[in-house]
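Student: Dropping the sequence and predicted coords here.
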Protein chains: 4
Amino acid sequence: MAVRVAVAGASGYAGGEVLRLLLAHPETEIGALTGNTNAGQRLGALQPHLLPLADRVLAETAPEVLAGHDVVFLALPHGQSAAVAEQLGPDVLVVDMGADFRLRDPADWQRFYGTEHAGTWPYGLPELPGGRAALRGARRIAVPGCYPTAVSLALFPAYTAGLAEPEAVVVAASGTSGAGKAPKPHLLGSEVMGSMTPYGVGGVHRHTPEMIQNLGAAAGEPVSVSFTPMLAPMPRGILATCTAKARPGVTGDAVRAAWAKAYADEPFVHLLPEGQWPATASVHGSNAVQVQVAYDAAAHRIIAISAIDNLTKGTAGGAVQSMNIALGLDESTGLTTIGVAP
Amino acid sequence: MAVRVAVAGASGYAGGEVLRLLLAHPETEIGALTGNTNAGQRLGALQPHLLPLADRVLAETAPEVLAGHDVVFLALPHGQSAAVAEQLGPDVLVVDMGADFRLRDPADWQRFYGTEHAGTWPYGLPELPGGRAALRGARRIAVPGCYPTAVSLALFPAYTAGLAEPEAVVVAASGTSGAGKAPKPHLLGSEVMGSMTPYGVGGVHRHTPEMIQNLGAAAGEPVSVSFTPMLAPMPRGILATCTAKARPGVTGDAVRAAWAKAYADEPFVHLLPEGQWPATASVHGSNAVQVQVAYDAAAHRIIAISAIDNLTKGTAGGAVQSMNIALGLDESTGLTTIGVAP
Amino acid sequence: MAVRVAVAGASGYAGGEVLRLLLAHPETEIGALTGNTNAGQRLGALQPHLLPLADRVLAETAPEVLAGHDVVFLALPHGQSAAVAEQLGPDVLVVDMGADFRLRDPADWQRFYGTEHAGTWPYGLPELPGGRAALRGARRIAVPGCYPTAVSLALFPAYTAGLAEPEAVVVAASGTSGAGKAPKPHLLGSEVMGSMTPYGVGGVHRHTPEMIQNLGAAAGEPVSVSFTPMLAPMPRGILATCTAKARPGVTGDAVRAAWAKAYADEPFVHLLPEGQWPATASVHGSNAVQVQVAYDAAAHRIIAISAIDNLTKGTAGGAVQSMNIALGLDESTGLTTIGVAP
Amino acid sequence: MAVRVAVAGASGYAGGEVLRLLLAHPETEIGALTGNTNAGQRLGALQPHLLPLADRVLAETAPEVLAGHDVVFLALPHGQSAAVAEQLGPDVLVVDMGADFRLRDPADWQRFYGTEHAGTWPYGLPELPGGRAALRGARRIAVPGCYPTAVSLALFPAYTAGLAEPEAVVVAASGTSGAGKAPKPHLLGSEVMGSMTPYGVGGVHRHTPEMIQNLGAAAGEPVSVSFTPMLAPMPRGILATCTAKARPGVTGDAVRAAWAKAYADEPFVHLLPEGQWPATASVHGSNAVQVQVAYDAAAHRIIAISAIDNLTKGTAGGAVQSMNIALGLDESTGLTTIGVAP
């Protein structure tokens, strides 16, 4: 019997992407679709690429609409998920693609989001140490942020293998869909095409504490992260360059071996052959993560680079992957490692 | 038992796209992959988005390599398909994604391609009148050009319904992958980003006689086509604007009714609701065709516009669709109408 | 003594472009800058590319602010120019970059803009027959629309030379800056990158009557125009493909001769050598118009194509060129035919 | 009397950009233009944006062609400049936009370029400490690499002011024109649009020793640089994110003060107001450098970010600026700080 799924926030980019993936998922059936400001509109006008759902009409995000589903995906603005989740029974699998339940430290939440902390849910990054165990049978899942997904997967082997000093420097470029669908002047096509620009520099980006949390857990000690995000002139994709000083005695071979071991059995994370570097185009629309690592002997630094699709592995694909684990399905069901390129 | 498929020319854009689709096709199994200049190379270095095939190595395009498959896709430069096809038995389904067997008139071929005409194969555009009948059981298929696919599907209802004068004016923009993967200065990213430019103006583009052939067949009389192609700053997609003078007495309602009737039962061609217009992003990576039509009473013209993905419906998707028909599979097997957007 | 210039609407794209050009104009001095919703803000935050003006602060668009200037450029939303212009004395040169005073026929205005017609000012397209004479000494100038500039300059020689039937078919692609800086979902970078889409199809675009007006004047008889605009994934540029059926007996040589004659002495319009086609990148940031023309004997049609920068020659550059003529300066002062490419 | 200038390598991107700037330079006159593989071709076919030079024909790069000019710009492949320069008299100002004479250490040259070191010329980055003095009256100038220009100007105040540890981590994104005009598959528009990808990771990029040289000179001690370049989907622009650990006791105010002091009198380097970040679009086609700096107290790092146009300030604009100094002209002659945006 099909798993019945509702999506709250179906008109935005995360909501659209989870629908795109669910349409190809053999075990799910798409139920209620909601969207507050767009309630009453045809999905065909809002997500014209989802032709099979074109005649669906969005409902209000209300408990009675979301009731009666096995899984509810929340693609809501930060701070709105807790109130909706409370009204859904404990047997419903609630997958929150917002930030509300990602952080473990209430002080971090308060500092970066400015409101009261709603709690902490099992964290939807199966590839992290202990990641899958936390998700099996879960009925609440906090989907990671897109940048933390890219950065944690690129760099955590450095810390589980004890190869790097606990001070990471991360510079990551994201496609514009990461900034959402609400129209703002600096996100206009006229502004972003032909331009690269940083934002949230100096440790103020909200994804920073999440990276610190993940890398620190891998290291078993606090890790500082200097994080600089950039907006890139492309709709999708994150390219994350993550570097850290190598511990004394580290060699290039040791680095490569640590990464090879970490990803040997991962269905979605691919360590590229030496000499080949990740490209966001190669993972466009796919749940794959391309990773490569180098050791710069002159600078004594490890440089690990990952490419993901911010909407797929970085949001909705990661969400579906975690749903699969929680429900006991094969982890890869409905997901692909094949990108749409060129 | 799986249909065993070989792809000749697997390193280019058409070859890569057919492999992307075949990887998701439940009835096929990917056999030999060939590529002359790239023979001996790993596919992972040439098509890094096709992760499941990364370790495959390209062979030479030779008869003994292509032997023993049920289907052979040819993604070769124009003029090379006939020699390869000759060496494949009559029971093998040969699907030519090049131009060699599209035109019926040897004089057209000679004029536009400058060599001797190789022949005419069943034409792989199932949506045209009589299109499916010609493909059922076929063992040779000529896949249409990308522009003729977009233009014929946008405009043929005008001619089957007798609504338009036999003089079409077509202006179509294509993404750069339509120009192939051979590096040329005018196709560099530095040149194409931020720029639109026409080419092949004045009836000299090789796809012109194919449009004339298709629209003339629909009209039952010769149709002239003024065709202007443009290179657009995007990797994929064709947006074709096709206009023709309306016959006397034509009304907007009659126009809409003709298009609605033509596409009522088509799995891949979608006539959009009034007021919504095709966008290439909506069909990115999908086999769908978005079509809209308007009647401009002041100018007495019908304007039909289509959006396709030039590599999917315009090349490899159309090829797989036709293969499905020829083999007696469900026409939509392995194909999607869902685009990857934004 | 420098010409003192004010710009009303300095925070938008047209306002920013006219400032960019005036900064390089040796005879002008930039005075008041206004912008209603942005009044009080530093220009550096709104137009970060105009470094020399970064510390200027926008004032309200009020008569006392605009008083005391020799020239006032209006870059205001449609319908707002008349009220501002009324408050400026008859000796002030008012250059309206909006649509308010472009159309001669009040019924056209009423039909396409829905409000009462404000009047008709001298039309700022010097290259049209009689264009310069109308501008010399003028104190009110209506700057043409960007599409009508591109289309009229591409095609008018067909009509002054009597070569074409009075039914033009125009398909033109525009960069996104033509849609302005007000944020709307369909103009987001995520939506426009990688996509082409038409809009205003079927004669409903507001620039259609202006094209009809210009081409009809050149022809000396009514000319119908079927106009289809497209949004292209680039910030700037218009590529206009304009075709019309050739009159009986027209030859390719006659066509080329007509275009060569029309532009022989034009400082900004360049008829390209045969075989070379316009590209929007080549006129990026310049006031040049690249034009090419072909005669398609098989389809009996003339195809004329132009490339302009929609913000420069299509708006602010055309405005400065017309200002120069009105003030008796050399027409090219402060303007360039050199594009910024690649 | 005008300074007579020749350009060797006029068909490439650096050559085209220097011509674009010289056309607007009031003190220069453009003489011979050469280009080996393109000798005999019209410049209009190769650089269609340079309309005033369209009818110029390229000559061979030969001593007799370059003779008789006051200045010769070399825009040649690496390794070819020395042979040409030798044939030009000591009174001719030779400005090399290639890499040949940038490095002081022959071992560095040998390691990164693999040939014998040709020598070291005065270094064309006037904003560095002692930079202008080295250029006054010079008759040989080595124009810096584009990345070293962006990185050195972003970060050197950290070292002249003694604020940072001598280990810099740099991640920089470049537009595709930085990779030149020679067609290669990975530079095709189809490949680069929608994609970001790193290259030359791990200290192997040829610009690394040049950064080390510049930052070390500023610091007065060796500085290591971990440099990761990325190809970004835009034709022009470099965004360089440069970070270094702060020395003990450093404060945000001290950081800001050091940068403000370093650029107080610089005509082209603009420290943005707090809260505003550099964007490559803002310096498109201009010689300006936008810089911003932040101090991340949690990570104890200084993050300095610059945006330049790689072809203007990063190559040809820097070359013209240095030429102006060498010739005793005003440093800003013919250059602008105004970008072409959006």
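Tutor: Here it is on my side, so go on.
Student: where exactly do the helices run in the stretch 201-342 of chain A?
Tutor: Along the stretch 201-342 of chain A, the segments classed as helices by DSSP state H, counting those that start in this stretch run A:208-219, A:252-263, A:317-327.
Student: Can I get the ones you listed in CSV including distance to chain C, mean pLDDT and mean neighbour count?
Tutor: C-betas here are computed from N, CA, C, even on glycine. Shown next, in CSV, are those (distance: least, C-beta to the nearest C-beta, whole Å; pLDDT from 0 to 100; neighbours: other C-beta atoms under 10 Å in any protein chain shown):
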stretch, distance to chain C, mean pLDDT, mean neighbour count
helix A:208-219, 23, 98, 24
helix A:252-263, 30, 98, 17
helix A:317-327, 17, 98, 26
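Student: any chance of those helices in CSV, plus distance to chain B?
Tutor: Formatted as CSV, the helices of the stretch 201-342 of chain A follow (distance: least, C-beta to the nearest C-beta, whole Å):
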stretch, distance to chain B
helix A:208-219, 24
helix A:252-263, 13
helix A:317-327, 12
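Student: how about JSON lines for the ones you listed, with distance to D:P229 added?
Tutor: Putting those into JSON lines (distance: least, C-beta to C-beta, whole Å) gives the following:
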{"stretch": "helix A:208-219", "distance to D:P229": "23"}
{"stretch": "helix A:252-263", "distance to D:P229": "20"}
{"stretch": "helix A:317-327", "distance to D:P229": "28"}
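Student: wait, isn't A:G175 in contact with A:M230?
Tutor: No - the criterion here is C-beta atoms under 8 Å, and A:G175 misses it with A:M230 at 10.6 Å.
Student: Looking at the two, which is more packed in?
Tutor: A:G175 (31 against 25; other C-beta atoms under 10 Å in any protein chain shown).
Student: measure that one to chain C for me?
Tutor: Noted for A:G175: a distance of 7 Å to chain C, by C-beta to the nearest C-beta, to the nearest Å.
Student: Look up phi and psi at that residue.
Tutor: Here is the backbone geometry of A:G175 (degrees, to the nearest 10): phi -70, psi 160.
Student: OK, now which residue of the stretch 201-342 of chain A is nearest to chain C?
Tutor: A:P235 (4.7 Å; C-beta to the nearest C-beta).
Student: Now for that residue, how many residues are close by?
Tutor: A:P235: 30 neighbours (other C-beta under 10 Å).
Student: Contacts only, for it.
Tutor: A:175-177, B:281, B:341-342, C:189-191, C:193-194, D:194 (C-beta atoms under 8 Å, 6 or more residues apart in numbering or on different chains).
Student: Show the model's pLDDT score for it.
Tutor: At A:P235, the model reports a pLDDT of 98.
Student: Then A:I308?
Tutor: The model reports A:I308 with a pLDDT of 98.
Student: Could you check how far it is from A:G317?
Tutor: A:I308 is 9 Å from A:G317, where distance means C-beta to C-beta, to the nearest Å.
Student: Then A:V7?
Tutor: 14 Å.
Student: Tell me the buried residues in stretch A:169-180?
Tutor: Within stretch A:169-180, the residues that count as buried by 16 or more other C-beta atoms under 10 Å in any protein chain shown are A:169-179.
Student: and if you look at stretch A:293-301?
Tutor: A:293-296, A:299-301.
Student: and those as TSV, adding pLDDT and distance to chain B?
Tutor: Shown next, in TSV, are those (pLDDT from 0 to 100; distance: C-beta to the nearest C-beta, whole Å):
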residue	pLDDT	distance to chain B
A:V293	98	17
A:A294	97	18
A:Y295	97	22
A:D296	97	23
A:A299	97	27
A:H300	97	30
A:R301	98	25
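Student: I'd like those as TSV, with distance to B:H69 appended.
Tutor: Output for those, formatted as TSV (distance: C-beta to C-beta, whole Å):
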residue	distance to B:H69
A:V293	39
A:A294	41
A:Y295	44
A:D296	47
A:A299	51
A:H300	53
A:R301	49
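Student: Among the residues you listed, which ones are in strands?
Tutor: With strands taken from DSSP state E, the overlap with the buried residues of stretch A:293-301 comprises A:293-296, A:301.
Student: Point out the residues in the stretch 151-300 of chain A that sit beside chain C.
Tutor: A:175-177, A:179, A:181, A:183-185, A:187-194, A:233-235 (C-beta under 8 Å from any C-beta of the partner chain).
Student: The same query, at a cut-off of 6 Å, please.
Tutor: Residues of the stretch 151-300 of chain A lying near chain C by C-beta under 6 Å from any C-beta of the partner chain: A:176-177, A:183-185, A:187-190, A:192-193, A:235.
Student: Pull the number of nearby residues for A:G328.
Tutor: 8.
Student: separation between it and chain B?
Tutor: Taken as C-beta to the nearest C-beta, the span from A:G328 to chain B is 23 Å.
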